[in-house]
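Asker: Okay, here's the prediction I keep looking at, along with the sequence it came from:
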Amino acid sequence: MAHYELIKVEGRAKRGRFHTVHGIIETPVFMNVGTVGAIKGAVSTEDLEEIGTQVELSNTYHLHVRPGDKIVRSLGGLHKFMSWNRPILTDSGGFQVFSLAGLRKIKEEGVYFQSHIDGHRIFMGPEESMQIQSNLASTIAMAFDECPSSVAEREYVEQSVDRTTRWLKRCKEEMARLNSLPDTINREQLLFGINQGAIYEDIRIRHADEISELDLPGYAVGGLAVGETHEQMYHILDEVVPHLPQNKPTYLMGVGTPANILEGVDRGVDFFDCVYPSRNGRHGHAYTNHGRMNLQNAKYEQDERPVEEGCQCPACRRYSRAYIRHLLKAKEMLGMRLLVLHNLYFYNHLMEEIRLALDEGRFSQYKKMRLAGFEEGEE
RNA sequence: GUGGGUGUAGCGUAGUUGGUUAACGCGCCAGAUUGUGGCUCUGGAGAUCGUGGGUUCGAGUCCCACCAUCCACC
C-alpha cells in the first residue's frame, strides 16, 4: 500500500515520505544509477548502504538483453539477485528508443530495437516492458514512453505524445494484470507515468493533464536535459509540475547537476536520477561544495588534501587528491571507484541537507547559499 | 674487428623523382558529457629531422666523416 506523505512545503518545494513495500523513501531523493544492476566502477551494495543510497535505479532494456529478465526472475528478482533490499526503480527501456536512435523503428505496437550486445532484433512495447519489469520485481516500474528529441518538430511531438499516452494506458492495464497473478514476485509493483512534449509547453501541459487522470502512484517529467538550455528546462518545470498530482511524487528523469537539483526541488520535484556522479567519477571528475574538480589536472599531482576537506565519504576519509590522480592516470579501477563513491556520497548528502533545510523551513536560503558555493570554483 | 641496417616530439612511426608552415597514433596539458558501454568527442603544447661538413636556387630526403644503436660474421 504505497502512499506519499507530504510532510512540509516551502513555496513549491516539497518535503515528503514515500512508503513502499521495500521501505520508506525520504524525499527529495537522488536515486543512484546502476543500469545493469550495479553501479559502474566496482561499487557494491554494501558501499551503497555506507554512502546513504535510498533508491537504486536499473534499466529494463539492459537487464532484458543481459542476463535476461527471466533469469533474474528465476533467481528471485532483482533485489535478491543483486543483494539489495531497499527500493529499486527500473527505467522502462523507453529512453533507449531515444538514446540508441538509429538502431530502432517506432510503431504503434511498440519499438523494434537491435541489441547493442549482439545485434539481434528485439521487440519491446508497453506490455513487454511491464512483463520484464514485473520479472525484475522492482519497487517502481516506469512507463514505456517515447522521448522525442528536444529539437523535434511540433507535429511529430504531438503525435508522439499521444502515442505515449496510449502506451501508458496499456502499461497500466498490463501492470494490473501482472500484479494480480499469484506467482508474481512483487505484486505491489508501482507504475509511474511519464510526461513528454519536448519544449512545447502547451503539449506538455495537455499531456500532464491527460496522464494525471489515470491516477498512478507517481509521475515523471521526461525528455528534459537532452539538449535544451537550463532556462528552457526550468521553464517547462514551472509550467508542468503544477499540472501533475501534488499528492504524488514527481520525478525529474535524468537530471542533473547539483544546481539543476536545487532548482528542481524548488519547483516541486521529489525524485531525481543522473549518470553524472557515477560517469563523471569514472572519468576523473569530483563534485565538491565549490564546483566540479578534474582530478586528472596536473595541479593535483602533489596535493595531499582529500578531494573535499571535511567530507565523510570513504575516499575523503582516507585518500589524497595526489593518490587518486595517480590511480586515474595509471588507469587503476580504485581511482574510479573512489571518485564514484565520493560523488554519490556528495549527491546523497546534498539531498539529506536539502531535506533538513525543508524540515526547518530554510530551503530558499540554503539553495541560495549552495548555488553561490558552486559558482566559486574549485580550490 | 669486418659487413649490413637504423637514427624524425616523451614513445612508436609516416614523409613521393630534393620543392610552401615536417604528418599520424599513443602519452602529456586542458575542455565537453544529464532516464550510462568503463567511453567518446573537441582543442592545445611539444621537433634547431643523431652531430659536423658538403652538393643545390632549395636538403628530413643526395654525398662524406663522426657518434649512437641493432643484426650477422670473426
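Answerer: Done, it's in. Because the structure is a prediction, the values reported are computed rather than measured.
Asker: Enumerate every residue touching residue A:60.
Answerer: Taking Cβ atoms under 8 Å, 6 or more residues apart in numbering, we find residue A:60 in contact with A:69, A:90-93, A:129, A:132-133, A:136, A:141-142. C-beta here means a position set from N, CA and C on the backbone, and glycine is covered the same way.
Asker: Not counting sequence-adjacent ones, nearest residue to it?
Answerer: Spatial nearest neighbour of residue A:60, excluding adjacent residues (Cβ to Cβ, 6 or more residues apart in numbering): residue A:93 at 4.2 Å.
Asker: what helix or strand is the closest residue to RNA strand B within the stretch 51-200 of chain A on?
Answerer: Relative to RNA strand B, the nearest point of the stretch 51-200 of chain A is residue A:147 (2.7 Å; Cβ to the nearest atom of the strand). Under DSSP states H and E, no helix or strand contains residue A:147.
Asker: how deep is it tucked in, by neighbour count?
Answerer: 24 (other Cβ atoms under 10 Å).
Asker: my read: it touches residue A:221, true?
Answerer: No. The criterion here is Cβ atoms under 8 Å, and residue A:147 misses it with residue A:221 at 11.1 Å.
Asker: returning to that earlier point: can you tell me which of the contacts of residue A:60 end up in helices?
Answerer: Judged by DSSP state H, the contacts of residue A:60 include A:69, A:129, A:132-133, A:136 as members of helices.
Asker: circling back: minimum pLDDT in the contacts of residue A:60, which residue is that?
Answerer: Scanning the contacts of residue A:60 for pLDDT, the low point is residue A:93. It has 89.
Asker: ok, that one - contacts?
Answerer: A:59-61, A:64, A:124, A:129, A:132, A:144.
Asker: Break down the stretch 251-379 of chain A into its strands, ranges please.
Answerer: Counting by DSSP state E, counting those that start in this stretch, one finds strands in the stretch 251-379 of chain A at the ranges A:271-273, A:285-288, A:291-294.
Asker: can you give me how far the shortest one is from the chain middle?
Answerer: Relative to the mean C-alpha coordinate of its chain, strand A:271-273 is positioned 4 Å out (Cα atoms, centre = their mean, to the nearest Å).
Asker: What about residue A:343, how many residues nearby?
Answerer: Neighbour count for residue A:343, taken as other Cβ under 10 Å: 28.
Asker: Residue A:154 now?
Answerer: For residue A:154, using other Cβ under 10 Å, the count is 12.
Asker: Would you mind giving me the confidence score for it?
Answerer: Model confidence at residue A:154, expressed as pLDDT, equals 95.
Asker: burial of the residue nearest to it when sequence neighbours are not counted, as a residue count?
Answerer: Nearest non-adjacent residue to residue A:154, counting by Cβ to Cβ, 6+ apart: residue A:200, 5.9 Å away. By other Cβ under 10 Å, 18 other residues sit near residue A:200.
Asker: was I right about residue A:200 contacting residue A:160?
Answerer: No. Contact criterion Cβ under 8 Å: residue A:200 and residue A:160 do not qualify, at 11.0 Å.
Asker: and residue A:150, what does it touch?
Answerer: Neighbour list for residue A:150: A:198-199, A:223-224, A:226-228, A:232 [criterion: Cβ under 8 Å, 6+ apart].
Asker: ok, and which of those reach RNA strand B?
Answerer: A:223, A:226 (Cβ under 7 Å from any atom of the strand).
Asker: which residues does residue A:112 bridge with?
Answerer: For residue A:112, the beta-bridge partners under DSSP bridges are residue A:105, residue A:123.
Asker: where does it land on pLDDT?
Answerer: pLDDT, residue A:112: 87.
Asker: Please name the residues that touch it.
Answerer: Counting by Cβ under 8 Å, 6+ apart, residue A:112 makes contact with A:104-105, A:121-123.
Asker: Please report the distance of it from residue A:340.
Answerer: Using Cβ to Cβ, to the nearest Å, residue A:112 is found at 34 Å from residue A:340.
Asker: and if you look at residue A:128?
Answerer: Going from residue A:128 to residue A:340 by Cβ to Cβ gives 32 Å.
Asker: Of those two, which one has the most company?
Answerer: residue A:340 (26 against 21).
Asker: Of the strands of the stretch 251-379 of chain A, give the one that comes closest to residue A:189.
Answerer: strand A:271-273 (16.3 Å; Cβ to Cβ).
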